[in-house]
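**Student:** Model the following, please.
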Amino acid sequence: MAVMRGQREAAEMLHMAAMRGQREAAEMLHMAAMRGQREAAEMLLNRGAQLQAPGHEGSPPLHSTVVASKDRLSDYNREVAELFLSRGANVNAKDNNECSALHMAAYWGSANVAEVLINVDAESDVHAVDNRGRTALHCAASYT
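**Tutor:** Residues are numbered from 1 along each chain as shown. As a prediction, the model looks like this:
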């Protein structure tokens, strides 16, 4: 809850307890990403949370920046995505459905995060396909 509300001190205390297990740290990092809590995400990374720790559907935390980025948190989620990429997150990492973060951004209509993902030193594979043969462009076309 502290991460969801951006309460850094409470999140720090919780993180110290959670570091007993990387799973809990990963869950907190995914939550910070979904909530656009850059400061909490940075603190978690500084304390050892892993950028590639799998969350829902095997997705890394970068995917989680997309989940809420289409609402009022959009600028904050963009900042978290930029943080993760600056720390070495794999822009082309895929989840269990072979979806990259760019697929997810296109599917959810998260243009602000998609822009960040596409502009990462030309490393983003815009032609990657998911397990259904769809590119991010296909996902964007199906977004309504």
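**Student:** Grab the nearest non-local neighbour of residue 126.
**Tutor:** Closest residue to residue 126 apart from its sequence neighbours, by Cβ to Cβ, 6 or more residues apart in numbering: residue 136 at 6.1 Å. All C-beta atoms are positioned from the backbone trio N, CA, C, and that covers glycine.
**Student:** Now do the same contact list for that neighbour.
**Tutor:** 100, 102, 103, 105, 106, 114, 126, 128 (Cβ atoms under 8 Å, 6 or more residues apart in numbering).
**Student:** again with residue 58
**Tutor:** 95, 96.
**Student:** before we move on, the earlier item: return the entry from the contacts of residue 136 with the maximum number of neighbours.
**Tutor:** Greatest neighbour count in those, by other Cβ atoms under 10 Å, goes to residue 105: 31 neighbours.
**Student:** so what's it scoring on pLDDT?
**Tutor:** With respect to pLDDT, residue 105 scores 91.
**Student:** my read: it touches residue 117, true?
**Tutor:** Yes - applying Cβ atoms under 8 Å, one finds residue 105 in contact with residue 117, separated by 6.1 Å.
**Student:** rewinding a little: out of the contacts of residue 136, the closest to residue 35 would be?
**Tutor:** For the contacts of residue 136, the residue nearest residue 35 by Cβ to Cβ is residue 105; the value is 16.8 Å.
**Student:** Now that closest one. Nearest residue, chain neighbours left out?
**Tutor:** The shortest distance from residue 105 to any non-neighbouring residue, by Cβ to Cβ, 6+ apart, is to residue 114 (3.9 Å).
**Student:** Check the secondary structure at the one you found for me.
**Tutor:** Secondary structure for residue 114, judged by DSSP: H, G, I helix; E, B strand; the rest coil, is helix.
**Student:** State the distance from it to residue 61.
**Tutor:** 17 Å (Cβ to Cβ, to the nearest Å).
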